[in-house]
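> sequence and predicted structure are below.
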Amino acid sequence: MRGFELVTHLPVPVRAVFDASLSIDAHLGSMRFSRERAIAGVTSGTIGLGESVTWRAWHFGVPFTMTSVISELEEPLRFVDQQLKGPFGSFRHEHLFVPAGGGTRMIDRIQLASPFAGALAEPVLLVPYLRHLIRVRNRFLLRSLLAG
């Protein structure tokens with residue numbers, strides 16, 4: 001199992017960042033380049049504790065389907081989404097929101113295991129790609145929050 005942490009500073013209050021991070025619509029907006037769609041479960045609006053969503057997207061030229069659930073939620077400071085079914089051996093994403101200087105320090109902690117060629121694929125391919133996806137999502141959230 002591999003993991004990484006990504007810290008993003010946003011000049012926006014914690015509550016706004018927390019709410020935007022639970023928005024299915026914001027997630028879809030941030031992942032348009034991968035043709036991501038929410039195809040089952042909560043498919044729009046805000047997802048909550050115990051609720052799931054099934055995503056369909058294209059990555060590496062291949063279609064992927066993944067169902068994740070919000071398994072932990074502590075408003076407005078933390079939530080966890082984790083894979084129920086999908087391409088990973090396991091996938092857990094902890095989202096933390098820390099008040100910082102009038103804004104928010106958003107911390108993304110990802111833990112994953114690949115079912116295929118894990119020892120090679122995770123550090124060379126999956127971790128850098130997922131880090132990129134999280135950065136793209138976080139930039140989208142920032143732009144959306146500042147525009148709104």
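Here it is on my side, so go on.
> CA only for contacts and neighbour counts going forward, please
Will do.
> now do the strands in the chain.
2-10, 37-41, 52-59, 62-74, 78-85, 90-100, 103-113 (DSSP state E).
> how distant is the second one from the center of its chain?
In other words, strand 37-41. Taking CA atoms, centre = their mean, to the nearest Å, one finds strand 37-41 lying 15 Å from the centre of the chain it belongs to.
> and stretch 45-54, by the same measure?
In terms of CA atoms, centre = their mean, the centre of stretch 45-54 is found 12 Å from the chain centre.
> list the buried ones in that stretch?
Ile47, Gly48, Ser52, Val53, Thr54 (16 or more other CA atoms under 10 Å).
> same thing with stretch 13-33?
Going by neighbour count (16+ other CA under 10 Å), the buried part of stretch 13-33 is 13-15, 17-18, 20-31.
> same check on stretch 140-148?
Neighbour-count burial for stretch 140-148, with 16+ other CA under 10 Å as criterion, is recorded at Phe140, Leu141, Leu142, Leu145.
> is it correct that the second one is in contact with Ala20?
Yes - the pair formed by Leu141 and Ala20 meets the contact definition of CA atoms under 8 Å, at 6.9 Å.
> residues in contact with Gly41?
Contacts for Gly41 were tallied using CA atoms under 8 Å, 6 or more residues apart in numbering; they are Glu51, Ser52, Val53, Thr54.
> format these as TSV; extra columns: pLDDT and distance to Glu75.
Shown next, in TSV, are the contacts of Gly41 (pLDDT from 0 to 100; distance: CA to CA, whole Å):
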residue	pLDDT	distance to Glu75
Glu51	98	15
Ser52	98	18
Val53	98	19
Thr54	98	23
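> export those to CSV and tack on distance to Arg35?
Converted to CSV, the contacts of Gly41 look like this (distance: CA to CA, whole Å):
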residue, distance to Arg35
Glu51, 22
Ser52, 19
Val53, 16
Thr54, 14
